Structures are given as structure tokens and as C-alpha cells.
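Chemist: after the sequence you'll find the predicted model.
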Number of protein chains: 2
Amino acid sequence: MIPKDHPRYKSLVTREHLAGCARTGVVSLEGLTSHGRGEAFDYLLGEETSVSALRAEKTAASLLRIARHPVISVNGNTVALAAREIALLQKESGALVEVNLFHRTPERVRQIEALLRDAGAEVFAGEAERLLPLSHDRAWCRREGMYAADVVLVPLEDGDRCEVLVGMGKKVIAIDLNPLSRTAKTATLTVVDEVTRALPRIAEACTALSEKECRDLTDTLDNRVFLEEAREEMARRLLHALD
Amino acid sequence: MIPKDHPRYKSLVTREHLAGCARTGVVSLEGLTSHGRGEAFDYLLGEETSVSALRAEKTAASLLRIARHPVISVNGNTVALAAREIALLQKESGALVEVNLFHRTPERVRQIEALLRDAGAEVFAGEAERLLPLSHDRAWCRREGMYAADVVLVPLEDGDRCEVLVGMGKKVIAIDLNPLSRTAKTATLTVVDEVTRALPRIAEACTALSEKECRDLTDTLDNRVFLEEAREEMARRLLHALD
């Protein structure tokens, strides 16, 4: 048991929860390492949503609102951390929710889809095909789902899929705590924030923003600015705020 | 299989190796997350030993050389990543090697001791007792080992044990990639470097340094300076060097 007065209580409880999800197979062992990587960057953000990230979240909502066919791509870590938040965002954005895994087995796909449904999400689960030009199993997706999407939200992306989706002409929204990652640099828009903080804020903005605000946010979107601001925020805390 | 031309090849191979070690029980699931955290900070160091870290490594060697009863404390992650490097450092420093685990079971202790012996280390494995004032299982150590040590090297420390050891009057050398961690701030000396890079450099310095150099390095030791330099290095790379 983790003592409640431990200075890193919340982080330790999350870590234990993920370890439990790894035991049941929902989270891959590599997913645990990814989570640790994210933890470090979030620590450098002071574990809070920056002003810049909040604007990125509003911009993400705008992209989803304007989309013809938005899809939220979910992996093991996302469902372990934020199944309810995914269900909420689906409700507010009308996006399809589709499971896409790097470490893909039919059993894991079923488990993760079941957790999403338990959390209130409607899962787009039809027949998957190997449709994306990738050598690994993230190539599998649904023809009427991610393959047909114009906007794809990929929380906790772990590979080169982002590049492929952008190359297919899609707008990709990444949620990635590492502003230096290939995903962060390749995405149309990167939200540098922790997934359970980011998703509810995107969901809220989906209904709160006016059409004009949505247009203004997407018209002025420059992902390099968001990444630069995130890097500056982290550097600032490294140097000053964490003493 | 990870393709050899992948830009993160080495990091991915290590991650896979650790996942394998988690399957056999040598590495705990929480240890995988810790590794990910370290990866992020190492990324910010450019995955190389800084000038400041090299001086810290020489200072670590000096502390070990001057010690009356030095002990190297080893956990699952350390042995998974660096069993040979531990054996080498033992040879050069004459320190005892003792296993100390947060997620302690007799089986894990035996497994980790066996891996150390396979790598050429001599393990101090006598009867453990609950000797450190800690509520968790890192309290277990040997009376003639860590309990009696004047200098303890703790690579990849994961908790509040560092504080307790310092409180017992011991000099503690931590190897910790996070210059902001409690361990890093509490230790007598923190080497902010990746463990497989740090250990061979400490080992080398154990024989290369003159007695006078050892005295000079320990006399001028100020851990805050090492931590500040590591933070500045990371901030610099966040802002400039990683584009």
C-alpha cells in the first residue's frame, strides 16, 4: 500500500494501476516504460496544464468540430488511464472511437474495447484490415474508421504512425508530453499535456467554442509555436520553479 | 524485431530487454516505469556523459577509494541493465555488492544474486535483517553489509532510502538521471548520468586517480553544483540543441 501522505501519492497510485493493467494484458510492458517517459516530462510541466496547452486543447476541439469524419484512436495506455474521458470526448465531439494497437492481439483488442464500452464509449469495431503503409501492427484499421477519417486524435501515440496519417492527408492531433518526439513534431497539432487533463478540456471546448472561435483557432494554428512554448515552459521549470 | 535503422534502436532494444526481464521477474513492473522516466531525462542529456557528470563520476570514485567499508546496493533494474559493469566496479573499488529491493521476495533476491554472480560479481548475501528505519522492504539489509557501510553507492534508487542512509551518517552516492528527484537532492553526491555509462567511468577513475586528486575532489564536493549543472544542461538542450 502506498501511504496517502507520500509526496508522489497520485503518481504512485497511477503507476500501480498501470502495473495491474499490465498483469491483465491491457497495457503492454513497453507501455509501462512509455508511461514513465511521460511522467518525467509531466514533472517538468509541474503536472499542470499550461496556458499554451489549454490553447492547443481549444484548437484540438476546433479541429474535431470542423471535421467531416473525426476518429479517436485508442491504445492500451489510453484506456487504462482515461477510458471515461474518451467516452466523454466522444459524446461532446461525435467522433468515432477505434482501437489501434502496436502490440496487437485479438484478445487485447477485445479487452480494450470492452473497457471502453464499460466506460460508456461506443466503439467502432467492425472488420479491421491492414490499410496503413506501416510494417507493424498499427497498420491494422477499419476502412470506414481511421482509414476514411479526415481528423484523427491520437492520444499517447508511440510510433511512426503519425507520419503516415499526415502523409495520407489527414489532420492529426497528438496528445504527447514529449515536445521533442517525432510524433509531436509531425502532428498537425500537438497537445503537450497529460491525457486525463487534456481530454476533458478538449471535450469542454467542443461545446463551449463558437463557430467563429473555432475558425480563428484553426486558421492561426502553428504547431511549432505550441512545441516551442512547451519546451520553454519545461526549461523554465528546470532552471527555476522546482527548487 | 526492431529494425536496426530505427532512429531509437538502442533505446528500443534496451526497453525490450527490460520487458523480458520483467517477464522473468528480475525487473518489477514498476521498474519498467522508472526506466521510462530515466529515458526521458537521458534524452534531455543527449544520451551522453556531460563534463559535469564526468567530474561527479571521478568524485564518486574518490569517495569509494577513501571509504573504510564501501557497499554497492543493487536492485532489479541495475542488474538487468548493468550486471557486468557492477562486477567491474567491484573489482576496481573493492566494494561489497549487496542486493536491496523495494519489491522484495526471496525468489527475486536469489534471481538477482545469481545474475550478478554470472556477470562475475562476488555477492555479499548473508542473513538479511530489517535494520533500516523504513516501513517498506528496502529496510532489509545485512548487518555487516550496508548497515555497517560508511559509503553506499545506490544506482537507480527509487525511494526514500537515500534520506535514511544519509541520516545514519553514511555518505551516499546516487546515480540518478533526474536531477530534481528527492534522491538526487538528498544524496551526498549525485551522478546525473545513465548507469551503463556511469559505472565504467567510476571504475576507471578508481585506479586512475592519485591520492591527492581523490582528496581534492572530495574536499571540494558540493552536490548542489552538480545538480545545477545537470539542470542547466537539460534546459539548454530543451531550448536549443535538439532541433
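Modeler: Alright, I've got the coordinates. Nothing here was measured: the structure is a model prediction, and the numbers come from that model.
Chemist: which residues of chain A lie near chain B?
Modeler: Proximity of chain A to chain B, by Cβ under 8 Å from any Cβ of the partner chain, involves residues A:3, A:7, A:15-16, A:18-19, A:22-23, A:28-30, A:32-41, A:43, A:135, A:178, A:180, A:182, A:231-232, A:234-236, A:238-239, A:242. C-beta: built from backbone N, CA, C; applies to glycine.
Chemist: any quick PyMOL command for the buried ones out of those residues?
Modeler: Remark: buried members of the residues of chain A next to chain B, expressed as a PyMOL selection using 16 or more other Cβ atoms under 10 Å in any protein chain shown:
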select buried, chain A and resi 15+18+19+22+28+29+30+32+33+34+35+36+37+38+39+40+41+43+178+180+182+231+232+234+235+236+238+239
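Chemist: if you count neighbours, what's buried in stretch A:128-140?
Modeler: Those would be A:128, A:131-132, A:134, A:136, A:138-140, for stretch A:128-140 by 16+ other Cβ under 10 Å.
Chemist: contacts for it next, please.
Modeler: Residues outside stretch A:128-140 that contact it (Cβ atoms under 8 Å, 6 or more residues apart in numbering or on different chains): A:100-104, A:109, A:141-143, A:146-147, A:159-161, A:164-165, A:167-168, B:3.
Chemist: kindly export that stretch (C-alpha atoms) in CSV.
Modeler: What follows is stretch A:128-140, C-alpha atoms only, in CSV (Å, rounded to 0.1, in the frame of the first residue of the first chain):
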residue,chain,number,x,y,z
ALA,A,128,-10.0,-4.5,-39.4
GLU,A,129,-7.8,-4.6,-42.5
ARG,A,130,-4.1,-3.9,-43.0
LEU,A,131,-4.7,-0.5,-44.6
LEU,A,132,-1.9,1.9,-43.4
PRO,A,133,1.5,1.7,-45.0
LEU,A,134,3.3,0.5,-41.9
SER,A,135,5.4,-2.7,-41.3
HIS,A,136,4.0,-3.2,-37.8
ASP,A,137,0.5,-4.0,-36.4
ARG,A,138,-0.6,-0.4,-36.1
ALA,A,139,-1.2,-0.8,-39.9
TRP,A,140,-4.5,-2.5,-39.0
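Chemist: give me the mean pLDDT for it.
Modeler: Mean pLDDT, computed over stretch A:128-140, is 78.
Chemist: where does residue A:97 fall, helix, sheet strand or coil?
Modeler: strand (DSSP: H, G, I helix; E, B strand; the rest coil).
Chemist: and it, what does it touch?
Modeler: If you count contacts by Cβ under 8 Å, 6+ apart, then residue A:97 has A:71-72, A:74, A:86-87, A:90, A:116, A:121-124 around it.
Chemist: my read is residue A:58 is in a helix, agree?
Modeler: Yes. Applying three-state DSSP, one finds residue A:58 inside a helix.
Chemist: now do the SS call for the closest residue to it other than its chain neighbours.
Modeler: Nearest residue to residue A:58, sequence neighbours excluded (Cβ to Cβ, 6 or more residues apart in numbering or on different chains): residue A:205, at 4.5 Å. Here residue A:205 is recorded as helix under three-state DSSP.
Chemist: tell me how far residue A:183 lies from chain B.
Modeler: Residue A:183 sits at a distance of 12 Å from chain B (criterion: Cβ to the nearest Cβ, to the nearest Å).
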